[in-house]
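Visitor: need a structure here:
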Amino acid sequence: MRIRGVLTAVLLLAPAASFAASKEMEALQRDVALMSEDIRTLQRSFDQQMAALKALTQQAVDNSTRISTSVGVVQQTLPDQIKREVGASLGPVAGMNTRLDQVSQQVQTLSDAIQALNQSMQQLHNQLTDLKNVVAAIQVPAAPPPTDPNAGTMPQVPIDTLYQNAIRDMNGNHPDLALSEFQNCVKWYPQEPLAASCQFYVGMIHASKDDYDQAVKDFDAVLEQFPKGDKTPEAFFYKGLALVKSGNSRAARKEFTSVIQQYPHSAAADKAREQMKALGFAVPPAAAKKR
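Guide: Numbers count the residues shown, from 1 in each chain. Reported below is the predicted structural model:
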């Protein structure tokens with residue numbers, strides 16, 4: 001009886017258990033179906049993204065290929081183009097440099113010609129001054145020469161004749177003879193106007209022999225014995241120049257300054273200014289005129 005009751009209970013419970021298992025199976029099947037759909041959706045999305053990535057990758061590869069090709073072309077053509085451009089640019093520059101060299105040479109030649117002309121004009125000025133002194137000496141009766149116990153017997157020759165002979169010998173490349181004649185003019189006729197010019201040329205001859213110390217003394221004699229003579233400005237300048245040649249530029253500066261301040265409009269003052277600039281000294285202004 002007891003066994004019959006158990007079987008009856010099992011039979012009554014079996015449909016309920018079977019129904020519960022069926023429900024769980026259906027739920028599981030639905031979950032599997034949903035999961036399969038999600039997987040298919042993810043697969044489609046992945047495929048699409050991979051396709052897009054492949055397209056971008058291919059595009060990048062294509063662009064890289066084009067860029068490489070362009071760079072190769074540029075590398076092949078750029079050096080030649082640069083050479084052509086540089087050659088075209090340097091051509092006018094080279095021509096300009098050549099032209100500048102020619103102009104510089106012409107300017108130097110012109111400068112040399114002007115300097116030579118200035119020297120010629122200065123020599124002409126000196127000769128005109130000397131000629132004026134000669135004329136003045138001819139017009140004024142010569143004073144009797146002083147007695148000099150060491151001079152011996154003086155020749156009866158006027159100073160203008162001695163002076164002209166000395167000038168001729170100096171220009172004729174006979175400096176020693178001219179030096180003696182100029183010295184005699186100063187010794188025998190110290191009061192004559194031409195004596196200042198004679199003493200000046202004594203200094204010039206010594207300077208031409210590179211005896212600058214003696215030349216300085218000779219120009220000092222012009223400044224001391226003939227302070228108002230026509231050769232005073234030039235004596236200042238050439239004394240300064242002799243001092244420069246002997247290596248005493250500071251002492252030369254004083255002489256150049258003197259001629260600039262005392263004779264500002266003279267040719268000697270112009271030359272003194274040039275020398276001071278060349279030596280690196282400041283050029284002084286001309287002294288103010290006294291009222």
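Visitor: which regions of the stretch 151-291 of the chain lie under the pLDDT threshold?
Guide: In the prediction, the stretch 151-291 of the chain carries residues with pLDDT under 70 at positions 151-156, 286-291.
Visitor: go with 90
Guide: Judged against pLDDT under 90, the low-scoring parts of the stretch 151-291 of the chain cover residues 151-159, 193, 228-229, 279, 282-291.
Visitor: where do the helices sit along it?
Guide: 159-171, 175-188, 194-208, 212-225, 232-245, 249-262, 267-279 (DSSP state H, counting those that start in this stretch).
Visitor: L28: which of those helices is closest?
Guide: helix 267-279 (115.3 Å; CB to CB). Glycine gets a C-beta too; all of them are placed from N, C-alpha and C.
Visitor: can you pull the buried residues of that closest one?
Guide: Taking 16 or more other CB atoms under 10 Å as the basis for neighbour counts, the residues of helix 267-279 that come out buried are 267-273, 275-276.
Visitor: do the same with stretch 190-210
Guide: For stretch 190-210, the neighbour count (16+ other CB under 10 Å) marks 190, 192-207 as buried.
Visitor: could the helices of the stretch 151-291 of the chain go into JSON lines alongside distance to T57?
Guide: Supplementary listing: the helices of the stretch 151-291 of the chain in JSON lines, determined by distance: least, CB to CB, whole Å:
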{"stretch": "helix 159-171", "distance to T57": "102"}
{"stretch": "helix 175-188", "distance to T57": "102"}
{"stretch": "helix 194-208", "distance to T57": "96"}
{"stretch": "helix 212-225", "distance to T57": "94"}
{"stretch": "helix 232-245", "distance to T57": "87"}
{"stretch": "helix 249-262", "distance to T57": "85"}
{"stretch": "helix 267-279", "distance to T57": "79"}
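Visitor: Tell me which of these lies nearest to T41.
Guide: Among the helices of the stretch 151-291 of the chain, helix 267-279 sits nearest to T41 (CB to CB), with 98.6 Å.
Visitor: Would you tell me which one of the buried residues of helix 267-279 comes nearest to E234?
Guide: Nearest to E234 among the buried residues of helix 267-279, counting by CB to CB, is A268 at 4.9 Å.
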